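Student: dropping a prediction and its sequence here:
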Amino acid sequence: MSEPGSRVRAAQAEPLRRSWGPTLRWRFNRLLCMSPAELPYRAARLIAAHVESIAPRRRSIPSPDRGPWATRWVHAPEGIDAAPYVAAADRIVAGELEVFGVSCANGGAPPRWNCDPKTGTQAPLTAGKLLNYRDRRLVGDIKYLWEVNRHLHLVTLAQGYALTREPQYLGVLKEHLDSWIRACPQGLGPNWCSALEAAIRLINWSIAWQLSGGAAAPFFAGSGGAEFRRLWLDSVYEHARFIHGYFSRHSSANNHLIGEAAGLYIAGLTWPCWPTVRDWRQVAQQILEREALLQSSTDGANLEQAVCYQQFVLDFLLLALLAGRSAGERFSASYEQRLAAMLAFLASIMDAGGNVPMIGDADDGAVTRLAQSPDFSTYRSLLASGAILFGSGELKAKAGKLDDKTRWLFGSRAGELFRRVEEPRARAPLRRAFPGGGYYILGCDFETAEEIRLVADAGPLGYRSIAAHGHADALAFTLSLGGLEFLIDPGTYAYHGGGEWRAYFRGTAAHNTLRIDGVDQSQAGGDFMWVKQARARCDTWESSDAADAFEGWHDGYLRLSDPVLHRRRITLDKRARRVLIEDRLQMSGAHDVELFLHCDERCTLEAVPAGFAIRRAQWTLVAELPRHRDAVAQLHRGSLQPLCGWVSRRYDERQPSPTIVWRARLEGDALLRTELMCRSDYPAQS
């Protein structure tokens with residue numbers, strides 16, 4: 001490999017000057033979120049990165065002292081329908097590759113690995129750890145660029161080969177890998193910015209390695225194959241060294257650290273060819289054991305307060321566990337118990353239709369892609385895998401069926417193992433109160449066509465000092481009827497450089513709660529940072545055959561010149577099938593108060609006395625809004641001025657959805673009462 005130093009010194013100065021200027025405010029806010037111990041750590045890392053870019057050290061790659069193991073933790077399932085896998089692999093062979101609906105086609109050649117396929121921006125091959133990947137002028141939309149470089153599609157090619165033994169799939173896999181290694185020299189460019197991205201790439205390389213035949217794969221035959229094998233193993237070592245050297249630490253030690261450790265651990269199992277990698281594997285396992293407990297509550301809720309990241313983290317933890325078991329390595333009982341609790345949390349918040357609330361950030365990121373079914377649900381797949389792992393009938397019942405991803409992970413015995421798990425006779429959430437995460441489930445007639453399921457949120461804003469993936473959603477709730485979503489969390493839509501859209505979707509106005517004086521409950525300091533964070537608590541949680549009741553508060557508006565304390569009580573009368581929401585505001589002066597109710601995009605709304613009738617299928621949710629002489633209620637759908645009435649079901653996609661906004665100018669302490677009647681026999685208004 002050529003020496004990178006000369007290229008870096010010649011090319012990096014101007015892009016760095018262009019990209020770092022606009023981020024001074026972000027950097028100041030980021031410093032405010034750091035602990036005293038983190039400041040010298042960050043300074044030392046920055047200095048080291050600059051020194052390395054100016055005078056790069058020669059980093060030799062040691063010769064392997066043993067060959068790769070024959071360990072297999074992914075298996076081609078017997079009896080699986082090969083057609084969707086072959087079709088997907090054929091599209092890649094034909095040069096058809098997409099990320100988030102955007103084509104990465106490059107005239108039949110491998111993708112341009114350092115180019116954002118969305119904007120066409122070519123990122124510079126400068127020192128990766130100094131490259132400002134937040135600057136869209138420099139790298140485009142980094143989410144798109146990174147996604148194709150995770151190499152999920154290499155797994156698809158390997159699956160095509162494993163199911164058909166057609167050599168063309170291995171030929172394209174080899175071509176893509178070879179071109180990536182040559183186009184992305186170690187330490188340079190956008191693909192060496194993030195240890196997490198390197199870790200995800202290693203996980204997919206491990207799966208592709210296994211399904212291609214491991215060390216005996218046909219593309220390793222002959223002198224050319226031996227050279228390709230050396231090239232690949234060298235890059236594996238460089239990835240492992242990079243991850244070990246750049247673990248996310250301090251305030252950044254969130255899901256990234258778990259993903260980094262999982263990638264390094266799995267790499268160490270797949271390619272234990274060097275003593276250092278074997279040592280790093282042990283370090284990685286220790287991190288996984290520790291962080292699985294730190295980053296989730298004892299009741300199983302992910303402390304980043306983001307449901308999408310709960311499944312993301314679960315995938316890392318699950319794959320590491322299965323990979324370790326295949327090699328005879330065990331994780332602790334506490335690790336496995338925490339995985340079981342995290343799965344139970346997902347099962348509990350999932351409604352009868354398989355929907356989970358889109359609480360917190362979501363970027364549609366996947367660790368790997370083993371299923372090609374158009375109706376594949378990553379959440380139900382995790383529950384199916386958990387049912388087998390822990391013999392849980394409750395998880396099996398919520399999963400509904402054995403999915404293809406679980407078949408690839410558990411091999412030929414997956415069907416038998418799944419059938420052995422007995423489902424419970426009574427169907428109810430595994431748990432309904434999650435004080436560690438701050439979530440509470442009100443409802444009745446669970447897992448039936450008459451189900452009412454309401455998820456209330458009184459949890460922290462997010463994890464650690466930056467709360468990167470949390471939304472300003474204290475005391476918000478979601479509501480589904482009969483497995484159909486009615487009142488929703490509208491999702492995320494945008495990440496890096498999302499501007500007003502990023503601010504809207506994670507702001508208070510995009511959640512079913514109150515906003516005071518037009519400002520969010522918490523104050524953002526960047527796209528993934530909150531500098532003033534609302535605290536929320538639950539004071540009351542009660543459940544009986546007749547009613548469920550939740551009461552909580554948050555202090556986000558105590559920072560106003562005239563402080564406001566928001567308390568909310570939600571009561572479900574199960575016999576009347578009525579939800580009563582009582583919002584109490586403790587304040588002295590006058591404030592503008594807004595109440596938001598975000599409806600599923602498939603709902604239709606019509607005005608009724610005192611509110612709106614929200615209809616979907618056979619159900620009607622009659623919303624009676626607070627009564628106040630000066631109040632105004634409006635219905636927004638796809639509004640741009642102001643931003644309101646949107647939902648995002650997938651990253652970078654949005655569509656209009658009906659949103660009710662109630663507004664009033666209130667002075668002094670106030671009580672607002674909102675009633676929601678759940679009806680299946682409500683007549684249409686003439």
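Tutor: That came through fine.

Student: run a quick neighbour tally on residue 23.
Tutor: Residues near residue 23, counting by other CB atoms under 10 Å, number 15. Heads up, the C-betas are built off the backbone N, CA and C, glycines and all.

Student: so how far is residue 534 from it?
Tutor: Distance of residue 23 to residue 534, computed by CB to CB, to the nearest Å: 26 Å.

Student: where in this protein is pLDDT low?
Tutor: Across the chain, the ranges flagged by pLDDT under 70 are 1-22, 70, 685-686.

Student: domains in it, by residue range?
Tutor: Partitioning the chain according to automatic domain parsing yields domains covering residues 1-207, 433-679.

Student: Throw those into a markdown table and include distance to residue 238, thanks.
Tutor: As requested, the domains of the chain are exported to a markdown table (distance: least, CB to CB, whole Å):
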| stretch | distance to residue 238 |
| --- | --- |
| domain 1-207 | 4 |
| domain 433-679 | 26 |
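
Student: any idea which of those domains is most buried?
Tutor: The highest mean neighbour count among those, using mean count of other CB atoms under 10 Å, belongs to domain 433-679: a mean of 19.

Student: residues in contact with the helix or strand hosting residue 665: which ones?
Tutor: For residue 665, the element it lies in under DSSP states H and E is strand 658-667. For strand 658-667, contacts defined as CB atoms under 8 Å, 6 or more residues apart in numbering pick out 585, 587, 589-599, 601, 603-605, 611-612, 614, 623, 625-626, 628, 630-637, 644-646.

Student: in strands, which of those residues fall?
Tutor: 585, 590-598, 604-605, 611-612, 614, 623, 632-637, 644, 646 (DSSP state E).

Student: show me the contacts for the nearest residue to residue 350 once chain neighbours are set aside.
Tutor: Residue nearest to residue 350 in three dimensions, not counting chain neighbours: residue 356, with 5.0 Å by CB to CB, 6 or more residues apart in numbering. The contact partners of residue 356, taken as CB under 8 Å, 6+ apart, are 307, 346, 349-350, 379.

Student: on the three-state scheme, residue 356 is what?
Tutor: Following DSSP: H, G, I helix; E, B strand; the rest coil, residue 356 is assigned to coil.

Student: circling back: closest one to residue 555 out of the contacts of residue 356, please.
Tutor: Closest approach between the contacts of residue 356 and residue 555, by CB to CB: residue 307, at 24.1 Å.

Student: and residue 312, how many residues sit next to it?
Tutor: Residue 312 - counted by other CB under 10 Å - has 23 other residues nearby.

Student: any idea how far it lies from residue 447?
Tutor: 26 Å.

Student: and for residue 93?
Tutor: 43 Å.

Student: swap in residue 646?
Tutor: Residue 646 is 31 Å from residue 447, by CB to CB.

Student: what of residue 495?
Tutor: 35 Å.

Student: residue ranges of the helices in the stretch 501-650 of the chain, please?
Tutor: With helices called from DSSP state H, counting those that start in this stretch, the stretch 501-650 of the chain shows none.

Student: residue contacts, residue 207?
Tutor: With CB under 8 Å, 6+ apart, residue 207 has these contacts: 74, 155, 158, 368, 370.

Student: what about those residues, which are in helices?
Tutor: Counted as lying in helices by DSSP state H, out of the contacts of residue 207, are 155, 158.

Student: closest to residue 323 out of the domains of the chain?
Tutor: domain 1-207 (4.4 Å).

Student: ok, residue 620 to residue 676 distance?
Tutor: For residue 620, the distance to residue 676 - CB to CB - is 11 Å.

Student: quick one: residue 239 from residue 365, how far?
Tutor: Counting by CB to CB, the gap from residue 239 to residue 365 is 18 Å.

Student: out of the two, which sits in the busier spot?
Tutor: Ranked by neighbour count (other CB under 10 Å), residue 239 and residue 365 place residue 239 first, with 23 against 20.

Student: doesn't that one belong to a strand?
Tutor: No - read with three-state DSSP, residue 239 is helix and lies in no strand.

Student: my read is that it contacts residue 268, right?
Tutor: No - checked against CB atoms under 8 Å, the pair residue 239 and residue 268 is beyond contact range at 11.3 Å.

Student: returning to that earlier point: TSV for the contacts of residue 356, including neighbour count?
Tutor: TSV is the format used below for those (neighbours: other CB atoms under 10 Å):
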residue	neighbour count
307	25
346	24
349	24
350	25
379	22
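
Student: in JSON lines, list these along with secondary structure.
Tutor: Shown next, in JSON lines, are the contacts of residue 356 (three-state DSSP):
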{"residue": "307", "secondary structure": "helix"}
{"residue": "346", "secondary structure": "helix"}
{"residue": "349", "secondary structure": "helix"}
{"residue": "350", "secondary structure": "coil"}
{"residue": "379", "secondary structure": "helix"}
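
Student: for residue 316, give me its contacts.
Tutor: 255, 258-259, 261-262, 288, 367.

Student: which helix or strand contains it?
Tutor: Here residue 316 is assigned to helix 307-326, by DSSP H and E.
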